[in-house]
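Asks: Build me a model from this:
(one chain, ligands or ions: 1)
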Amino acid sequence: MEELSVKIEKAIFEGRYLSHLPNGQVLLLEGFAQPGEIVKVGIYKKKKDYCEGRILEVETVGEGRVTPPCPYFGRCGGCQYQHLEYERQLALKTAILAENLRQGAKIQAWPGLSVVGAPEIWRYRNKIELNFVDDDFGFALGQCYKGSFYKIVDLDDCLLFPEPVAAIIKAAKEWRQKYALSCFDRHRFVGFLRHLVIRHAHHTNQWMIIIVTSDDYPENYPDNTSLQKLFKDFLNFLPKDLAVTSFYHRLIRLQRRKRESYTDTLLAGKAHITEKLLDLDYQISSDAFFQNNTVQAEHLIEELLGHCGQLDQRPILDLYCGVGTFTLPLARLNPQRKIYGLELVASAVAAAQANARLNNLDNLEFLVGDASKMVKQLRDHDFGAIVVDPPRSGLDPAVVAFLLEMKTPHIFYISCNPVTLSRDLALLSPLYEAKVIKGFDLFPQTYHLESFVKLDLK
Ligand SMILES: C[S@@+](CC[C@H](N)C(=O)[O-])C[C@H]1O[C@@H](n2cnc3c(N)ncnc32)[C@H](O)[C@@H]1O
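Replies: Just a heads-up that it's a prediction; the model follows:
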């Protein structure tokens, strides 16, 4: 591997860095650095237009570096920025957002652009999914290694998740050892234990634990009755003061080369845990998507509501509404106004409807389906605003066409990917002008970056 020293020029999205080789070629780097630092790198890929390399050593250390508190940092793929003090992380994310806006949306500068920092920068996550593995490296329960899908870092704790996670991981390891349970082998499709999923409701302190297995049952536990006994014994390994509100077994059927299907069976407690978002109750089922950082999600909702209070009574459409994270607060903000939610996943919509009932909100209507196909049905509506919160891939071209056709006075774009956000802002720019652009840090210590953009019809 060719080695040389270069200066880090920019941080780019997804935790990588950009530099140039002496011959002017672009160099994309993985590792832990910050702009301005001189680093020794090893080049492992040479393409016609660019090269890829790894940061091997930091030769000139920049300001704001800290010793990462997590012993797994660098190996575990979960975090990318623990080596930087929090203000530096926010500055890095602001620069990444600004650069994407410049390149993708041709917004040359946005005075005062910032990323709103999180009040809690450790132990803020409300969901974690760990992998069981038992391979040539031995047994492990943890997260994927940086850059690997198969290799797992054995964890005893995760500093992004509330403290009892350590006790739950310990319990899972001891329980697995007592019964000598096999772990699922993702190459050979054999073995039993697959994942341990833990969810925690921040405001109510309720816990959900899901043990995910294959249907390659252990010899001594061939049927449901014996399996239930085996699973319930897991609870005996937990600390006595950890009350589990909801305990599930998820069975994933082994279907090589086919999409996997699964069944969740409630083993103990309630079917769901309840979380609050700005005092609205949300029931979270075992398979529901829910914003991972409760407190910062509330700040994002407050930002949106702050712009919607003055709008007229025309309905608002919430595209990609999930379980109603934005739909419900919008409905409560003005009970006279109708709010429409559209979402692909039927179970999320069922949860959104249940949550609307739970909070006595009746000015909502939900539609299930693919936004790119369903928007046609909404052409005749006269919306006062449209909220879009798409997946990482951003808006489908049919949704962009719909937005340009509707000419709704305001669009609120919530994004988890500054690259596709900037692309979509460019596509909307013939008719829409950005009035507010802000980043929100929902994932301190990691590269993830949420953005909020208010667009007005020109
Ligand atoms: C980033 S999440 C946002 C969910 C919700 N707004 C929230 O904050 O909880 C994106 C949502 O879009 C949904 N989705 C993905 N592709 C979709 C499509 N083609 N049509 C409609 N919804 C889609 C996903 O199921 C997911 O719920």
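Asks: hey, let's count contacts and neighbours off CA atoms from now on
Replies: Fine.
Asks: Could you tell me the end-to-end distance of stretch 331-350?
Replies: 17 Å (CA to CA, to the nearest Å).
Asks: Do any residues in it lie close to the ligand?
Replies: Yes. Contact of stretch 331-350 with the ligand (CA under 6 Å from any ligand atom) involves E343, L344, V345.
Asks: residues making contact with the helix or strand in which R357 is found?
Replies: Using DSSP states H and E, R357 sits in helix 346-358. The contact list for helix 346-358 (CA atoms under 8 Å, 6 or more residues apart in numbering) reads 281-285, 288-289, 322-324, 328, 343, 362, 364, 366-369.
Asks: average pLDDT for it?
Replies: Helix 346-358 shows a mean pLDDT of 93.
Asks: Give me the buried stretch members for that helix, please.
Replies: Buried residues in helix 346-358, counted by 16 or more other CA atoms under 10 Å: S347, A348, V349, A350, A351, A352, Q353, A354, N355, A356.
Asks: Which strands and helices lie in contact with the longest strand along the chain?
Replies: Secondary structure assigned by DSSP state E gives strand 50-60 as the longest strand of the chain. With contacts defined as 3 or more CA pairs under 8 Å, 6 or more residues apart in numbering; DSSP states H and E, the packing partners of strand 50-60 are strand 26-30, strand 38-46.
Asks: So what are the sheet partners of it and their directions?
Replies: Taking DSSP bridges as the criterion, strand 50-60 forms sheet pairs with strand 26-30 (parallel), strand 38-46 (antiparallel).
Asks: how about the residues of the stretch 301-450 of the chain near the ligand?
Replies: So far as CA under 6 Å from any ligand atom goes, the stretch 301-450 of the chain lies against the ligand at 320-323, 325, 343-345, 369-372, 389-391.
Asks: between the buried residues of helix 346-358, which is nearest the ligand?
Replies: A348 (6.9 Å; CA to the nearest ligand atom).
Asks: Quick check: the farthest pair among the residues of the stretch 301-450 of the chain next to the ligand?
Replies: Greatest spacing in these, by CA to CA: T325 and S372 (20.8 Å).
Asks: Between these two, tell me which one has more neighbours.
Replies: Set side by side, T325 and S372 show more neighbours around T325, with 21 against 16, by other CA atoms under 10 Å.
Asks: Phi first, then psi, for the more buried one.
Replies: Note on T325: its backbone torsions stand at phi -50, psi -40 [degrees, to the nearest 10].
Asks: quick one: contacts for it?
Replies: Here T325 is in contact with L277, F290, Q291, I301 (criterion: CA under 8 Å, 6+ apart).
Asks: Quick one: these as a markdown table, columns for pLDDT, neighbour count and secondary structure too.
Replies: Supplementary listing: the contacts of T325 in a markdown table, determined by pLDDT from 0 to 100; neighbours: other CA atoms under 10 Å; DSSP: H, G, I helix; E, B strand; the rest coil:
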| residue | pLDDT | neighbour count | secondary structure |
| --- | --- | --- | --- |
| L277 | 97 | 20 | strand |
| F290 | 93 | 21 | coil |
| Q291 | 95 | 17 | coil |
| I301 | 98 | 17 | helix |
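Asks: In the residues you listed, find the pair that's most separated.
Replies: Maximum distance among the contacts of T325 (CA to CA): 13.5 Å, for F290 and I301.
Asks: what about L404, neighbour count?
Replies: With other CA under 10 Å as criterion, L404 counts 17.
Asks: How much space separates the closest residue to G369 other than its chain neighbours from K373?
Replies: In space, and not counting its chain neighbours, G369 is closest to L344: 4.4 Å by CA to CA, 6 or more residues apart in numbering. For L344, the distance to K373 equals 10 Å [CA to CA].
Asks: so what sits against both of these two?
Replies: Contacts common to L344 and K373, judged by CA under 8 Å, 6+ apart, are absent.
Asks: between the two, which one's more packed in?
Replies: L344 (18 against 11).
Asks: Next up, the contacts around the more buried one.
Replies: Y320, V368, G369, D370, A371.
Asks: can you check L317 too?
Replies: Going by CA under 8 Å, 6+ apart, the list of residues near L317 reads I339, Y340, G341, L342, F383, A385, I386, V387.
Asks: Separate out the buried members of these.
Replies: Buried among those by 16+ other CA under 10 Å: I339, Y340, G341, L342, F383, A385, I386, V387.
Asks: residues in contact with the residue nearest the centre of the chain?
Replies: Nearest to the geometric centre of the chain sits N292, at 6.2 Å (CA atoms, centre = their mean). Taking CA under 8 Å, 6+ apart, we find N292 in contact with R125, N126, K127, L442.
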